[in-house]
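Chemist: Fold the following and give me the result.
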Amino acid sequence: MRHALEDIQKQLAALREQIKRYDYQYYVLDTPTVPDAEYDRLFRKLQRIEQEYPQLITPESPTQRVGGASLKVFAQITHDTPMLSLANAFETDEIEAFDRRIRESLQVNAVEYAVEPKFDGLAVSLRYENGVFKTGATRGDGHKGEDITLNLRTVKAIPLSLSGDSVPELLEVRGEVLMLKADFVRLNQQCLEKGEKQFANPRNAAAGSLRQLDSAITAQRHLMFFAYGVAPNSDARVPQDTHSAVLAYLGKLHFPVAQECTVVSGCAALINYYRRIGERREQLPYDIDGVVYKVNTLALQTKLGFVSRAPRFALAHKYPAQEALTHLLDIQIQVGRTGALTPVARLEPVSVGGVTVTNATLHNADEVIRKDVRVHDTVVVRRAGDVIPEVVSVVMDQRPKNTQPFIMPQHCPVCGAKAVRIQGEAVSRCTGGLFCPAQRKQAILHFASRRALDIEGLGEKLVEQLVDHAIVKTPADLYQLGILALANLERMAEKSAGNILTALEKSKQTTLTRFIYALGIRNVGEATAKDLARYFGSLDRLMDADIDSLLQVTDVGPVVAQSILDFFAESHNKEVIERLRASGVCWEEVPGEANLRPDTHFIAGKSFVLTGTLPNMTRDEAREHIEMHGGKVIGSVSGKTDYVVVGENPGSKHEKAVRFGVKLLDEDQFKALLQSF
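Modeler: Modelled structure (predicted):
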């Protein structure tokens, strides 16, 4: 028995030391290293053991105090009335037990409760003397806190003076300083731009900002304050009946009070409030980690009293943790539809926000390095609402020996193509766009899009079926499709299949600009594709171009040039292109600006106006033909216009051309002109 008790004492000592360390990191340094859920788990474990062995409770146990020690750099303020924390509950049966204890203690059938959000910020007290803000302090250990008066004076939501007949000589307001979500995002963006350490969460940012030695820094951080009560006050001008009346009173004194505060009756109403606020949690402008229930009648609060650490009349009902602790089993690379390589953490299953999480994003290589995440680490995982879970940080004091830093692969793990990272981008990308299995659907959809090969009817659902059934692997496979393969697909009748085949056949006659754009080369959009087609005039010349030649093209810089070189350096990409050509995909090729001399090409420099509808060519196609031959398309007719291409139902431009004596061309004459030069 003696040995068993000694083991329990050792277990208690280790638990208390661990919690003490976490308290110091959270309350004093403002750099928490474990999620709240892990801290709560350890604290509840300590409570259970001490309840079983009350003779082992010591005055310095974390269960006998409220918060952490104050920073020595701040002066200390003693709270006239201790600032206690709240007991926590997580399950419905705990709420039912809380309500039952209250009813039994008060010997009533139903209890009225004031209910409010549980802010995830820093608790403070504000002391007003004759309506003037005098001092402000943190909660500290519940009895003494840090004097942060100067910093609190920079928080614009805190009134520096109170006015009106209802202001007592002395008033101590209690509430929470926090940072709104939008301000937190802006602050972290500023830190990123300055190369400074980013904050883990809004609570961490608010605490760090409020405990600055330079109040000018605090003033720049856009902190918010919400009042949630007052210290006991016998002045008749302060409401003495209910907590809800106190909140209304604070609102009249111009203190911010959460709009979500209300009054309910009975246990079922408590649980309903918890669920309603939980549904709105992600839309709230600030972070909360639960809701708070307080017996509304102040006289009944006094009757119920306190335990050593918390009031008996109040309870915090916490939501499933948005952060949790788990082990990182592996770091794998996921290849997205656009070829982006993303490191993904494979995790030991853990419940976060009520959902079992096994994978979490690591964003990119820079983030992995910044956080120094390694395989076999113990990590903090965060999941907020529908946001993809992410690895927030590493618990360094639990890192095993001999772990190795993560190194981003140089080749795509799916297809083996070279992975490149363009200067200025945060992600590496696979260069095997036409053949990489991870990019198939995106590559085919882009190839068939209206501005590319314009294959009518080849939409997302059909492409998904073709790829999922392994009928199509690259864009070249589209031109090998038969009527039966298409007709057997879901929602695809023989007539629809025939229409697709007709559209495919039509798409074979295209332009070099469209074909270059259809390849989906990184950083090559429509405008760049047009510039490349105009300059080189031939796909082969483009494919053989070196970086110096590419840099001669209008608006092509080093980044775009390197993307083009990387794409054509992959033999599999070239193989798909050759298969497309062999299937009949073709376009008109011209000498191109690189080989063009104005004295040998009559169209170069000539101006064209398009009007009306051409029988076999869209305006975009006509424009591309003109520009490929060195001409230019303008919007209006003048005496200086060289040609007007006229289709059916021409407008006033035709009449102007006749009036100015400009040369008119129908479609056949236009094509003949192009071919003759």
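
Chemist: Return the distance of stretch 585-596 from the chain's centre.
Modeler: The chain centroid and the centroid of stretch 585-596 are separated by 45 Å under Cα atoms, centre = their mean, to the nearest Å.

Chemist: meant to ask about stretch 529-544, not that
Modeler: With Cα atoms, centre = their mean, you get 39 Å for stretch 529-544.

Chemist: So which residues of the stretch 501-650 of the chain form helices?
Modeler: 512-518, 526-536, 539-544, 547-550, 558-569, 571-582, 619-628 (DSSP state H, counting those that start in this stretch).

Chemist: Can you show me the helices along the stretch 151-300 of the chain?
Modeler: Under DSSP H, counting those that start in this stretch, the stretch 151-300 of the chain gives helices at 181-194, 202-210, 215-219, 243-252, 267-280, 298-304.

Chemist: Comparing those helices, which comes out most buried?
Modeler: helix 202-210 (a mean of 24; mean count of other Cβ atoms under 10 Å). (Each C-beta comes from the backbone N, C-alpha and C, glycine too.)

Chemist: Give me the packing partners of that helix, helices and strands only.
Modeler: strand 122-129, helix 149-152, strand 170-178, helix 181-194, helix 215-219 (3 or more Cβ pairs under 8 Å, 6 or more residues apart in numbering; DSSP states H and E).

Chemist: mind listing the strands for the stretch 351-500 of the chain?
Modeler: Remark: strands assigned in the stretch 351-500 of the chain by DSSP state E, counting those that start in this stretch are 355-361, 378-382, 390-394, 419-420, 428-430.

Chemist: Give me the contact list for the second one.
Modeler: Strand 378-382 has contacts (Cβ atoms under 8 Å, 6 or more residues apart in numbering) with 33-35, 322-328, 345, 347, 350, 352, 357, 360, 373, 389-395, 398-399.

Chemist: what do you get for the fourth one?
Modeler: The list of residues contacting strand 419-420 from outside it, by Cβ under 8 Å, 6+ apart, reads 341, 408-412, 428-431, 562, 566.

Chemist: Ok, the longest one next?
Modeler: Residues from elsewhere that reach strand 355-361, judged by Cβ under 8 Å, 6+ apart: 324, 326, 342-347, 349-351, 381, 383, 388-391.

Chemist: Please indicate which of these are buried?
Modeler: 324, 326, 342-345, 347, 350, 381, 383, 389-391 (16 or more other Cβ atoms under 10 Å).

Chemist: which of these lies closest to residue 422?
Modeler: Residue 422 has its nearest neighbour among these in residue 342, at 15.6 Å by Cβ to Cβ.

Chemist: Residue 16: which element?
Modeler: Here residue 16 sits within helix 2-23, counting by DSSP states H and E.

Chemist: tell me which strands and helices that helix is in contact with?
Modeler: helix 36-52.

Chemist: could you give the angle of the helix it packs on to strand 378-382?
Modeler: 110 degrees (axes from the mean of the first three to the mean of the last three Cα atoms, to 10 degrees).

Chemist: Paired strands for the next helix or strand after helix 36-52, with orientation please.
Modeler: Later in the chain than helix 36-52, the nearest helix or strand by DSSP H and E is strand 76-78. Partners of strand 76-78 in the sheet, by DSSP bridges, are strand 144-146 (antiparallel).

Chemist: Quick check: the farthest pair among the buried ones among the contacts of strand 355-361?
Modeler: 324 and 342 (21.5 Å).

Chemist: Can I have the buried ones of the contacts of strand 419-420 as a ChimeraX selection?
Modeler: A single ChimeraX command selects the buried members of the contacts of strand 419-420 (16+ other Cβ under 10 Å):
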select :341,408,411,412,428,429,430,431,562,566
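
Chemist: Output the contacts of strand 419-420 as a markdown table; include the columns distance to residue 187 and pLDDT.
Modeler: Putting the contacts of strand 419-420 into a markdown table (distance: Cβ to Cβ, whole Å; pLDDT from 0 to 100) gives the following:
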| residue | distance to residue 187 | pLDDT |
| --- | --- | --- |
| 341 | 29 | 92 |
| 408 | 29 | 92 |
| 409 | 34 | 92 |
| 410 | 36 | 92 |
| 411 | 38 | 93 |
| 412 | 36 | 93 |
| 428 | 29 | 90 |
| 429 | 30 | 91 |
| 430 | 35 | 92 |
| 431 | 37 | 90 |
| 562 | 35 | 91 |
| 566 | 37 | 92 |
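
Chemist: out of the contacts of strand 419-420, who's nearest residue 272?
Modeler: residue 341 (46.3 Å).

Chemist: host element of the closest one?
Modeler: Going by DSSP H and E, residue 341 is part of strand 340-352.

Chemist: which secondary structure elements does that strand contact?
Modeler: Counting by 3+ Cβ pairs under 8 Å, 6+ apart, strand 340-352 packs on strand 323-335, strand 355-361, strand 378-382, strand 428-430.

Chemist: Pick the most deeply packed of those.
Modeler: Comparing those by mean count of other Cβ under 10 Å gives strand 428-430 as most buried, with a mean of 26.

Chemist: That one pairs with which strands, parallel or anti?
Modeler: strand 340-352 (antiparallel), strand 419-420 (antiparallel).

Chemist: Mind putting the buried ones among the contacts of strand 355-361 into TSV with pLDDT?
Modeler: Output for the buried ones among the contacts of strand 355-361, formatted as TSV (pLDDT from 0 to 100):
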residue	pLDDT
324	87
326	94
342	91
343	93
344	93
345	94
347	95
350	91
381	91
383	81
389	89
390	88
391	91
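
Chemist: for residue 662, phi and psi?
Modeler: phi -80, psi 140 (degrees, to the nearest 10).

Chemist: That one contacts residue 646, correct?
Modeler: No - between residue 662 and residue 646 there is no contact under Cβ atoms under 8 Å: 10.4 Å.

Chemist: show me the residues around residue 257 that make contact.
Modeler: Here residue 257 is in contact with 226-228, 247-248, 250-251 (Cβ under 8 Å, 6+ apart).

Chemist: if I look at it, how far off is residue 630?
Modeler: From residue 257 over to residue 630 the distance is 71 Å, taken as Cβ to Cβ, to the nearest Å.

Chemist: Residue 220 too?
Modeler: On the measure of Cβ to Cβ, residue 220 and residue 630 end up 57 Å apart.

Chemist: where does the stretch 201-350 of the chain have low pLDDT?
Modeler: For the stretch 201-350 of the chain, the stretches flagged by pLDDT under 70 are 308.

Chemist: So which of the helices of the stretch 151-300 of the chain is nearest residue 336?
Modeler: So among the helices of the stretch 151-300 of the chain, helix 181-194 is nearest, using Cβ to Cβ, at 22.7 Å.

Chemist: what's the closest one in contact with?
Modeler: 179, 197-199, 201-202, 205, 221-222, 224, 285-287.

Chemist: Kindly state the pLDDT recorded for residue 71?
Modeler: For residue 71, the pLDDT comes out at 51.

Chemist: Likewise for residue 34?
Modeler: 83.

Chemist: Give me the buried positions along stretch 605-613.
Modeler: 606-612.

Chemist: Spatially, which two of those residues are the most separated?
Modeler: 606 and 612 (19.5 Å).

Chemist: Secondary structure element holding residue 654?
Modeler: Using DSSP H and E, residue 654 falls in helix 652-660.

Chemist: Just checking the distance from that helix to the centre of its chain.
Modeler: Taking Cα atoms, centre = their mean, one finds helix 652-660 lying 56 Å from the centre of the chain it belongs to.

Chemist: Low-confidence ranges, the stretch 451-600 of the chain, go.
Modeler: Looking at the stretch 451-600 of the chain by pLDDT under 70, you get 594-600.

Chemist: at 80 what do you get?
Modeler: 590-600 (pLDDT under 80).

Chemist: Name the nearest residue to residue 345, sequence neighbours excluded.
Modeler: Among residues not flanking residue 345 along the chain, residue 360 sits closest, at 4.6 Å (Cβ to Cβ, 6 or more residues apart in numbering).

Chemist: Would you mind measuring from the one you found to residue 430?
Modeler: With the distance defined as Cβ to Cβ, residue 360 ends up 22 Å from residue 430.

Chemist: now do residue 35
Modeler: Separation of residue 35 from residue 430 (Cβ to Cβ) stands at 35 Å.
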